[in-house]
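Trainee: Structure, please.
(chains A, B, C and D)
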Number of protein chains: 4
Amino acid sequence: MFTLGPNRYGKAETRVVRVTRDGDAHRIKDLNVSTSLSGDMTDVHLTGDNAAVLPTDTQKNTVYAFAKKHGVAAIEEFALLLARHFVDGQPTIHHARVEIEEYAWERRAGHSFARKGQEVRTCLVHYDGETATVVSGLTDLVVLNTTDSEFWGYLKDEYTTLPETRDRVLATAVTARWRHAGEPGDWEASYATAREALLDAFATTYSLSLQQTLYAMGARVLTDCPDVCEVRLELPNKHHFLVDLDPFGLDNDGEVYFAADRPYGLIEGAVLREDAPGAGKAWD
Amino acid sequence: MFTLGPNRYGKAETRVVRVTRDGDAHRIKDLNVSTSLSGDMTDVHLTGDNAAVLPTDTQKNTVYAFAKKHGVAAIEEFALLLARHFVDGQPTIHHARVEIEEYAWERRAGHSFARKGQEVRTCLVHYDGETATVVSGLTDLVVLNTTDSEFWGYLKDEYTTLPETRDRVLATAVTARWRHAGEPGDWEASYATAREALLDAFATTYSLSLQQTLYAMGARVLTDCPDVCEVRLELPNKHHFLVDLDPFGLDNDGEVYFAADRPYGLIEGAVLREDAPGAGKAWD
Amino acid sequence: MFTLGPNRYGKAETRVVRVTRDGDAHRIKDLNVSTSLSGDMTDVHLTGDNAAVLPTDTQKNTVYAFAKKHGVAAIEEFALLLARHFVDGQPTIHHARVEIEEYAWERRAGHSFARKGQEVRTCLVHYDGETATVVSGLTDLVVLNTTDSEFWGYLKDEYTTLPETRDRVLATAVTARWRHAGEPGDWEASYATAREALLDAFATTYSLSLQQTLYAMGARVLTDCPDVCEVRLELPNKHHFLVDLDPFGLDNDGEVYFAADRPYGLIEGAVLREDAPGAGKAWD
Amino acid sequence: MFTLGPNRYGKAETRVVRVTRDGDAHRIKDLNVSTSLSGDMTDVHLTGDNAAVLPTDTQKNTVYAFAKKHGVAAIEEFALLLARHFVDGQPTIHHARVEIEEYAWERRAGHSFARKGQEVRTCLVHYDGETATVVSGLTDLVVLNTTDSEFWGYLKDEYTTLPETRDRVLATAVTARWRHAGEPGDWEASYATAREALLDAFATTYSLSLQQTLYAMGARVLTDCPDVCEVRLELPNKHHFLVDLDPFGLDNDGEVYFAADRPYGLIEGAVLREDAPGAGKAWD
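Mentor: Residues are numbered from 1 along each chain as shown, chains lettered A, B, ... in the order given. You can find the predicted model right below:
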């Protein structure tokens, strides 16, 4: 009559801080790890028989134990370790999804740190017992151009009142994710390259629309990161409206803006290599 | 070399409040509307040519104008109206996605209202010029059972420390969405039925795992709502840990709990009719 | 040279859920408890000598142990119990501040509950070894009137552009706190009375300004709650702007509003009995 | 019978971005401005007569107009300008309170910026027609020491279970505010000095309690900033608990920590010069 569809279960947001104490110069990795497993889960849904279920509490413990045993190098590697462990270790688990957020810190002194607070670095790994997919990314990187942005020549219907503009502030909070076709030699260097590509493409693209900027940002990551085959971007258009100062006898030649909250434009898109392999579940 | 992948753009979170003034007994509908369009969007991404782009500002205006012209009955109907308008009205727009959140209010007096603040009602509509799909739902409905929940008989590996339990508090914040195969006669009644089905199934299921409860909730919606063909649920396991009062010479027989924030279990799953039609993009 | 000024320390946001199991009809109290102590704290600040410091971890344990031993009746009583325990039990602790938030639940079945999600009930208790002060309150109670609100006759300077209005939507999220001169016989009944007073005064006051509504709300609580001597209110003016539909050939006679986020008006004020005793630290 | 107590009203969270275009190297100031006024406000509360009320909408307009006319140098100066304008310009307004948050950006290219996302800079100004008080500050500066922190020798009662420790992670999110007795010559330099003082004192204080660290941080600001007479700090103790890896046959010598959310310690205190002038309403 009814049937069980796609399902997964896991432990979300295990907050682990790993300290490495090499003499006086300590290092920290600050992560938020979410694991999800799927497999032979019909019984647990239909009858509550948990025989195939590795508890979410165990998943949490594994995150902590692995942080100790293996340390935490790049989050992509840590996610792969975890994903392989769950699927290869339990016959009832056929698929693992591991998502990690990393918060960056800057060292102020040997053992003292301040959280950077800028973008959050992310990764999403899937493993099904045979192949693994890795998506790297970042979120909440807020950027703004004070010029070199226009918007005109768009469709107009009976509900269009927006005036065309040849100069506007363009601002967004970048969420970007990029899918690797292979493994870069160095995940940290690859991340740094992709991050710079996004920032530079945003800064240097003379923009006639946020879609054009989005495409340029994705293409730049593909250009600079040879192992990346697909980039997906979500760019909220954080509107900065020029305040009308006419009633006060003041002009406003691109000087005073109101930064609006809602509503906001939302531009989403993907840029791929033409020969990108299929994504499978990489983005799920 | 590079190619544009799936993309969409729109205006997110247009907050519209529609007042209807029939004599002294006013009514209000309080919505958060997000629209997204896709279609002939290659040029705007590659060159910034906006000729195919209906501005997100226009989309916002349309939400307001439609709220006036058509009123707001059920959010599903309002979303369908908007989606059809965008696709049928512009040759370059081939697909519309409309997502609406509704905040419920209770009338305190003829023209005075208090926001209920419990769950948020949701809907997600897709329209491609030929067919429309409708997913209804709710989010942030927090429920808790003080008993009739066990968890035992699960897999144990070297990282398992969780003791089995024959009685625990089970709590979750329900996010549920249900896909309609057809249109119910009355969207408001259909929503009320689905909501009750979720609450009643949660209350009356003797639970050996949150997965079992999830399946029961989904199955109950399918049973009670004949036009619904698929239910998807996201159930965070909001852990309530029994506090160890032994050090203070006190027992704790299910009386004092610590309500934890993170990490939390996260159970996700779908329940379908066996003859459910394909979902297409309904969930995207 | 330098001197230590006012200070306090404690454990914030201990989330405790207390279940009472009288046969099949269970009851739950869901609290967020914050305790702060002060006293002989010069040494700990100047030298790190903790001899006078009752750890915040102990404060947390006390919350749990007291929830077991004494149960949780009204939050005001539970806060008083805790405050007296800390000050009367430790010579180095001279003052306790206990703040509690309570989340309301509705019973769906004997042991199944749904969180109401409307206002959060609050209390703030101070005790210095001799006298205790009690402030009750609520926050996040969102209310809206569709009519009976005007705003005109205000000061106008060179930066004033706001048109006067004889009919507007008035909406706010009420934060109200009321100070007790004595103890009401029944804290739960007193809370219900004050809550109704706020809602009714908001609904029935024909408003020429949100300040007028604020005063009416405060006065109504004083009228209906004989033991209350002072009411403080924070009322954000949640602006609902009438959307200009003229460009679309539509009128908008109080039908379609944009619910704005920021900026918002913020009206704060107190209403007291003329013979209200001094507040001391009651509001700190 | 009843009487009006302390009150104020204003426009909260006016989000203004001020761009300065000196050739190709643009500069931006990104502010969140909240203004509050008080004065002859009895009538508006009792009868709704708005004759003494300068609308909050006008206050918002003034923020924008002043950003244009005067530019935005230090937020303290901008707040002073606004406060003086409101009080000196309207006989019915006797007191102004202006609070500003500033979000820092880093220039990536001539006209392209990325938001830093670390601490938020704050100021709070009061002006009553005669004297002005200025409090500068910051919030959300998250810092962590991996060692040089102990906690032992504290009071123990029947509810104390916390083991003493000679080495722990110490982490907090700093909220600091400092009151100026005079005006520093350069607000920007003063801010930079205070910020460094806080970070350095946190890094270099061998801590036996977070209170000791708090005092050291306050004292360092007083030492380094001659015009500052009082510092107030709110330091949540962001607990990092050493994970028990014993069950997995692993030791954990300060390597793997669980970063907890709630509950958290909260340490609040002030450090003053012995000859600090009275604060008046400076902190209200």
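Trainee: Tell me how many other residues surround A:Leu124.
Mentor: A:Leu124: 22 surrounding residues under other CB atoms under 10 Å in any protein chain shown. All C-beta atoms are positioned from the backbone trio N, CA, C, and that covers glycine.
Trainee: Settle this for me: it is touching A:Arg179, isn't it.
Mentor: No - using CB atoms under 8 Å, A:Leu124 is not in contact with A:Arg179; the gap is 9.2 Å.
Trainee: residues bridging contact with the two, i.e. touching both?
Mentor: Counting by CB atoms under 8 Å, 6 or more residues apart in numbering or on different chains, the common neighbours of A:Leu124 and A:Arg179 are A:Val134, A:Val135, A:Ala282, A:Trp283.
Trainee: And for the first one, the neighbour number?
Mentor: For A:Val134, the tally of surrounding residues (other CB under 10 Å) stands at 25.
Trainee: how would you label it: helix, strand or coil?
Mentor: What DSSP: H, G, I helix; E, B strand; the rest coil gives for A:Val134 is strand.
Trainee: Relative to chain B, how far out is it?
Mentor: Distance, A:Val134 to chain B, by CB to the nearest CB, to the nearest Å: 18 Å.
Trainee: which residues pair with that residue across the strands?
Mentor: A:Val134 has the following beta-bridge partners by DSSP bridges: A:Val125, A:His180.
Trainee: so is the closest residue to A:Pro247 other than its chain neighbours in a helix, a strand, or just coil?
Mentor: Closest residue to A:Pro247 apart from its sequence neighbours, by CB to CB, 6 or more residues apart in numbering or on different chains: C:Thr161 at 5.0 Å. The local conformation at C:Thr161, judged by three-state DSSP, is coil.
Trainee: C:Thr161 against D:Asp57, yeah?
Mentor: Yes - at 7.2 Å, C:Thr161 counts as touching D:Asp57 under the criterion of CB under 8 Å.
Trainee: quick one: the helices in chain A?
Mentor: Here chain A has its helices, by DSSP state H, at A:42-46, A:56-70, A:75-89, A:187-204, A:210-224.
Trainee: Pretty sure A:Phe241 sits against A:Gly254.
Mentor: No - if you go by CB under 8 Å, A:Phe241 and A:Gly254 don't touch, sitting 11.9 Å apart.
Trainee: Quick check: most distant residue from the centroid of chain A.
Mentor: Most distant residue from the mean C-alpha position of chain A: A:Gly249, 45.5 Å away (CA atoms, centre = their mean).
Trainee: What separation do you get for that residue and A:Phe241?
Mentor: Using CB to CB, to the nearest Å, A:Gly249 is found at 20 Å from A:Phe241.
Trainee: With A:Phe248 instead?
Mentor: Distance of A:Phe248 to A:Phe241, computed by CB to CB: 16 Å.
Trainee: Which one's more surrounded, those two?
Mentor: Remark: of A:Phe248 and A:Phe241, A:Phe248 carries more neighbours, 19 against 13, as counted by other CB under 10 Å.
Trainee: quick one, what contacts the more buried one?
Mentor: Counting by CB under 8 Å, 6+ apart, A:Phe248 makes contact with C:Glu158, C:Tyr159, D:Asn61, D:Ala65.
Trainee: can you check A:Trp187 too?
Mentor: A:Ala73, A:Ala74, A:Ile75, A:Glu76, A:Glu77, A:Ser136.
Trainee: ditto for A:Asp57
Mentor: A:Lys11, B:Thr160, B:Thr161, B:Leu162.
Trainee: How about the last one: what's its closest non-neighbour residue?
Mentor: Right, the one you point to is B:Leu162. A:Asp57 (4.1 Å).
Trainee: And that neighbour, what's its pLDDT?
Mentor: The model reports A:Asp57 with a pLDDT of 98.
Trainee: Also A:Arg15?
Mentor: At A:Arg15, pLDDT is 98.
Trainee: Ok, A:Asp24 next?
Mentor: 85.
Trainee: And the residue nearest to B:Leu162, how close does it get to B:Phe241?
Mentor: From A:Asp57 to B:Phe241 the distance is 11 Å (CB to CB).
Trainee: Then A:Leu81?
Mentor: Relative to B:Phe241, and taking CB to CB, A:Leu81 is found at 28 Å.
Trainee: Tell me how many other residues surround A:Arg107.
Mentor: Around A:Arg107 there are 14 other residues, counting by other CB under 10 Å.
Trainee: Quick check: closest non-adjacent residue to it.
Mentor: That would be A:Phe113: by CB to CB, 6+ apart, it lies 5.6 Å from A:Arg107.
Trainee: Give me the residues contacting the lowest-mean-pLDDT helix or strand in chain A.
Mentor: The least trusted helix or strand in chain A, going by mean pLDDT, DSSP states H and E, turns out to be strand A:105-109, with a mean of 95. Outside of strand A:105-109, the residues within contact range by CB under 8 Å, 6+ apart are A:25, A:28, A:30, A:113-116, D:143-144, D:199-200, D:203-204.
Trainee: Over to stretch A:96-104?
Mentor: By CB under 8 Å, 6+ apart, the list of residues contacting stretch A:96-104 reads A:8, A:10, A:29-38, A:75, A:78-80, A:82-84, A:86-87, A:115-116, A:118-127, A:281, A:284.
Trainee: Okay, buried residues for that stretch please.
Mentor: Neighbour-count burial for stretch A:96-104 flags A:Ala96, A:Arg97, A:Val98, A:Glu99, A:Ile100, A:Glu101, A:Glu102, A:Tyr103 (criterion: 16 or more other CB atoms under 10 Å in any protein chain shown).
Trainee: got it, and stretch A:214-229?
Mentor: In stretch A:214-229, counting by 16+ other CB under 10 Å, buried: A:214-222, A:224-225, A:228-229.
Trainee: Near chain B, list only the ones from those residues.
Mentor: When contact is defined as CB under 8 Å from any CB of the partner chain, these meet chain B at A:Leu214, A:Tyr215, A:Gly218, A:Ala219, A:Leu222.
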